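[1] Sharing a model that was predicted from the sequence below.
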Amino acid sequence: MALFIIFHLVFPKAVKSLKWQSVFCRERLRLKGDAICTLFLLVALCSLLYSQLEHLKPSVTPKILSDPRAPWRLMPAEATVPRPQVTPIIRRTEVANNRVQTTTPSPLTDSAFNFKHYLLNKDNRNFNLLINQPKKCRKTPGGPFLLIAIKSVVEDFDRREIVRKTWGREGLVNGEQIQRVFLLGTPKNRTVLATWETLIHQESQTYRDILLWDFMDTFFNLTLKEIHFLNWAAEFCHNVKFIFKGDADVFVNVENIVDFLERHDPTEDLFVGDIIYNARPIRVRKSKYYIPETMYGLSIYPAYAGGGGFLLSSRTMRKLSRACREVELFPIDDVFLGMCLQRINLKPILHEGFKTFGIVKPSAAPHLQTFDPCFYKDLMVVHSLKVAEIWLMWNLLHSPHLSCTQKKQVKKPFQWKKKAQITQATPLR
Ligand SMILES: *[C@@H]1O[C@H](CO)[C@@H](O)[C@H](O)[C@H]1NC(C)=O
Ligand SMILES: *[C@@H]1O[C@H](CO)[C@@H](O)[C@H](O)[C@H]1NC(C)=O
């Protein structure tokens with residue numbers, strides 16, 4: 001009976017047709033007896049159940065296929081942009097993996113986030129600063145013009161190294177003082193624990209750019225990083241004029257950023273980045289970004305900046321550091337900062353130069369487009385670059401031979417496209 005009720009709830013249509021069949025059966029009951037009717041009903045039920053399951057399959061898969069890098073975006077523009085040809089292959093394997101997961105119970109992975117545990121520990125939000133750089137912003141008399149704050153993890157030494165040697169350099173850019181810090185928590189990988197502590201202290205002594213807090217450096221703890229950094233900046237770097245905060249896998253055109261910021265007043269509010277509007281919380285349990293209604297009941301997130309990189313003024317930094325203390329912890333750091341912005345009633349500004357979800361590459365020449373330094377010349381932040389790509393791009397951009405009239409020359413090798421058009425055109429004649 002319970003089974004039937006559940007069935008009724010899930011497949012009302014199927015139940016309707018079953019009722020018809022049962023009426024039909026009752027008429028014949030006197031002649032044939034219960035047994036045949038029950039058997040018939042059972043077979044009907046089974047076949048209907050099977051057909052319903054078959055119908056359900058495709059409706060579940062597309063939700064999981066959404067781009068994990070930009071999970072909350074509802075921008076129609078992006079949906080229509082042609083994607084690189086590689087994606088269909090990746091998607092197919094995702095579908096395959098998904099099928100495997102439905103037949104065998106999925107193991108407890110990183111994505112299996114313990115919300116109950118998170119909610120219970122939400123008030124535990126103050127952690128010690130293990131490595132500080134108290135003099136970071138005292139080196140220049142009026143304070144640095146720009147502080148570059150980069151989210152990193154202890155294990156990613158090579159990424160920090162490449163950032164130090166390229167866009168994250170300290171010193172003067174267009175006559176403005178730039179300083180840099182890396183934001184770290186304690187490593188989640190227990191096997192690296194043995195040596196990491198000595199290594200990170202040495203790294204800190206060598207470069208004086210490490211900030212390390214005593215919380216576990218996990219994806220869902222990035223909000224803690226956000227809060228602790230803002231508090232640190234308000235305390236140890238209050239004289240800074242502007243802050244760039246971003247990931248270590250981005251390419252930042254600091255010259256463009258300085259140029260942009262020189263036209264702004266640090267004593268006024270400013271928050272600029274790749275702003276995402278009207279994003280919806282993901283309610284698909286399997287998603288890395290799944291947020292249950294108990295955690296966030298509203299249907300839309302406040303406007304927030306993609307975490308790849310954004311800019312804020314000194315004034316906004318101080319206001320946000322205060323506001324974020326009053327906002328309940330939320331496991332997605334970008335959205336959390338959006339909530340803090342909403343609290344101080346500050347509208348973040350969308351700037352086209354911030355490509356924190358990566359560049360949508362034209363499918364004809366995906367590699368050429370991202371490696372044309374002239375393309376990067378007009379941008380501020382580009383997300384998702386490999387270590388070598390950051391190094392190469394920075395050197396290309398700072399090459400004395402770079403002249404952006406070269407752009408047309410670079411496109412020459414792709415004449416095969418023209419040939420393809422000719423061969424297509426021939427049969428038509
Ligand atoms: C932890 O780090 C060690 C050494 O770097 C590595 O071999 C191992 O795969 C890592 N474990 C996890 C779970 O990431
Ligand atoms: C965040 O860090 C704290 C302190 O290290 C840890 O207890 C907690 O499990 C971490 N939370 C998540 C979601 O990783």
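    Ah, there it is. Ligands and ions are numbered 1, 2, ... in the order given.
[2] Just the strands from the stretch 51-200 of the chain, written as ranges.
    129-131, 146-151, 171-173, 176-186 (DSSP state E, counting those that start in this stretch).
[3] what kind of secondary structure is Phe215 in?
    Of the three states, Phe215 takes strand under DSSP: H, G, I helix; E, B strand; the rest coil.
[4] Return the residues in contact with the residue of the stretch 301-429 of the chain found nearest ligand 1.
    In the stretch 301-429 of the chain, no residue comes nearer to ligand 1 than Val387, which is 16.7 Å away by C-beta to the nearest ligand atom. Any C-beta I mention is one placed from the backbone N, CA and C, and that applies to glycine too. Contact partners of Val387, counting by C-beta atoms under 8 Å, 6 or more residues apart in numbering, are 158-159, 162.
[5] mind checking how far the closest residue to ligand 1 within the chain is from Thr316?
    Per C-beta to the nearest ligand atom, the residue of the chain with the smallest distance to ligand 1 is Asn189, at 3.7 Å. Distance check for Asn189 against Thr316: by C-beta to C-beta, to the nearest Å, it reads 35 Å.
[6] Check Phe229 too.
    To Thr316, Phe229 is 14 Å away according to C-beta to C-beta.
[7] any weak-confidence spans in the stretch 101-250 of the chain?
    Segments of the stretch 101-250 of the chain classed as low confidence (criterion: pLDDT under 70) are 101-112.
[8] Residues of it that sit close to ligand 2?
    Within the stretch 101-250 of the chain, the positions adjacent to ligand 2 are 118, 215-216, 218, 220-221 by C-beta under 6 Å from any ligand atom.
[9] so can I have CSV of the strands of the stretch 51-200 of the chain showing distance to Ser204 and mean neighbour count?
    Output for the strands of the stretch 51-200 of the chain, formatted as CSV (distance: least, C-beta to C-beta, whole Å; neighbours: other C-beta atoms under 10 Å):
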stretch, distance to Ser204, mean neighbour count
strand 129-131, 5, 16
strand 146-151, 14, 23
strand 171-173, 19, 13
strand 176-186, 9, 23
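[10] could those strands go into JSON lines alongside distance to ligand 1?
    Formatted as JSON lines, the strands of the stretch 51-200 of the chain follow (distance: least, C-beta to the nearest ligand atom, whole Å):
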{"stretch": "strand 129-131", "distance to ligand 1": "20"}
{"stretch": "strand 146-151", "distance to ligand 1": "18"}
{"stretch": "strand 171-173", "distance to ligand 1": "33"}
{"stretch": "strand 176-186", "distance to ligand 1": "14"}
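[11] Show me the contacts of Val387 that map onto helices.
    158-159, 162 (DSSP state H).
[12] Ile291 is nearest to which of the strands of the stretch 51-200 of the chain?
    The stretch from these with the least distance to Ile291 (C-beta to C-beta) is strand 146-151; that distance is 20.8 Å.
[13] Each with direction, which strands does the closest one pair with?
    In the sheet containing strand 146-151, its partner strands are strand 176-186 (parallel), strand 242-247 (parallel), by DSSP bridges.
[14] What subset of the residues of the stretch 101-250 of the chain next to ligand 2 is buried?
    Buried subset of these (neighbour count, 16 or more other C-beta atoms under 10 Å): 215, 220-221.
[15] Quick one: neighbours of Met294, just the number.
    Heads up, residue 294 is Thr, not Met. Summarising burial for Thr294: neighbours were counted as other C-beta atoms under 10 Å, giving 9.
[16] who are the neighbours in contact with it?
    Shown here is Thr294, whose contacts under the criterion C-beta under 8 Å, 6+ apart are 115, 119.
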